[in-house]
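# can't give you the sequence, but here's the structure:
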Ligand code: 13P
């Protein structure tokens, strides 16, 4: 069966309850005919209001992280149970900004990912190399480690969404070329096939992320191994709907 494209927005630390509600109200009619899976991963404090705002639409609300413990002394963290209470369906895990600025490791990514799956939340696990790593020819080595350690012990890999986000393309306006993104994502799929099994690897949704917008999304998503996008800046306006509707436009 063909993989169903999945377009997710990552609001990062942007928007307020008021501006978020307004944007979702504008997006709802624009994406109502989509055949794809659509989500917006919003700041934790906005989750209740955005779930309410998106009700009855194609837009599912996701979180930007989730902790592995059921509950306890983990100041600043959020549990699966807390997300589930609001019907949150997705959680981004291991975003490069979490790795870069907040010291998140592959081991932590693994624990968060396993907890999300156990709780019926689809993890969107982010992987990707820095510019220096790419220029030094280390892209495959970096991805190998992120995938091997981050996805360790997962029983059903098809429950995971992978987002390939080259760090050098995030927020820089420097998108990977469709060929670069395809080549690397095909590599990721092959590696998942080796770590798990080929059949499952062919079912895993792999998104591209990094300066993806209404202009470049078509060429990216046309690539055979790219199943959607994780969209930062372009998810903060109605441009997001253009990305969602890229094939119908
Ligand atoms: P931009 O689309 O703003 O480059 O961000 C990509 C990203 O990090 C999504 O998670």
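Nice, I can see it. Just so you know, these numbers come straight off a predicted model, no measurement behind them. Numbers count the residues shown, from 1 in each chain.

# Could you give the separation of the host helix or strand of residue 108 from the chain centroid?
Using DSSP states H and E, residue 108 maps to helix 106-118. Mean C-alpha position of helix 106-118 versus that of the full chain (C-alpha atoms, centre = their mean, to the nearest Å) differs by 14 Å.

# which residues in this structure form helices?
Taking DSSP state H, the helices of the chain run over residues 17-30, 47-54, 80-84, 96-102, 106-118, 131-135, 139-150, 178-195, 198-201, 217-221, 239-244.

# residue in the chain nearest to the ligand?
With C-beta to the nearest ligand atom, the shortest gap between the chain and the ligand falls at residue 232, namely 2.2 Å. Every C-beta, even on glycine, is put in place using the N, C-alpha and C of the backbone.

# Pull the contacting residues for that residue.
9-10, 12, 170-171, 209, 211 (C-beta atoms under 8 Å, 6 or more residues apart in numbering).

# Go again with 7 Å.
Contacts for residue 232 were tallied using C-beta atoms under 7 Å, 6 or more residues apart in numbering; they are 10, 12, 170-171.

# related to what we said a few turns ago, dump the helices of the chain to TSV, plus mean pLDDT.
Below are the helices of the chain laid out as TSV (pLDDT from 0 to 100):
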stretch	mean pLDDT
helix 17-30	98
helix 47-54	98
helix 80-84	98
helix 96-102	97
helix 106-118	98
helix 131-135	93
helix 139-150	98
helix 178-195	98
helix 198-201	98
helix 217-221	95
helix 239-244	97
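
# and this structure, which residues reach the ligand?
Contact residues, the chain versus the ligand (C-beta under 6 Å from any ligand atom): 10, 95, 165, 170-171, 209-212, 230-234.

# Can you get me the start-to-end distance on stretch 149-156?
15 Å (C-alpha to C-alpha, to the nearest Å).

# In that stretch, which residues are buried?
For stretch 149-156, the neighbour count (16 or more other C-beta atoms under 10 Å) marks 150-151, 154 as buried.

# Check the offset of it from the chain's centre.
With C-alpha atoms, centre = their mean, you get 17 Å for stretch 149-156.

# now swap in stretch 73-82 and tell me
In this view, stretch 73-82 has its centroid 20 Å away from the chain centroid, taken as C-alpha atoms, centre = their mean.

# Stretch 211-218 too?
Distance of stretch 211-218 from the chain centroid (C-alpha atoms, centre = their mean) equals 16 Å.
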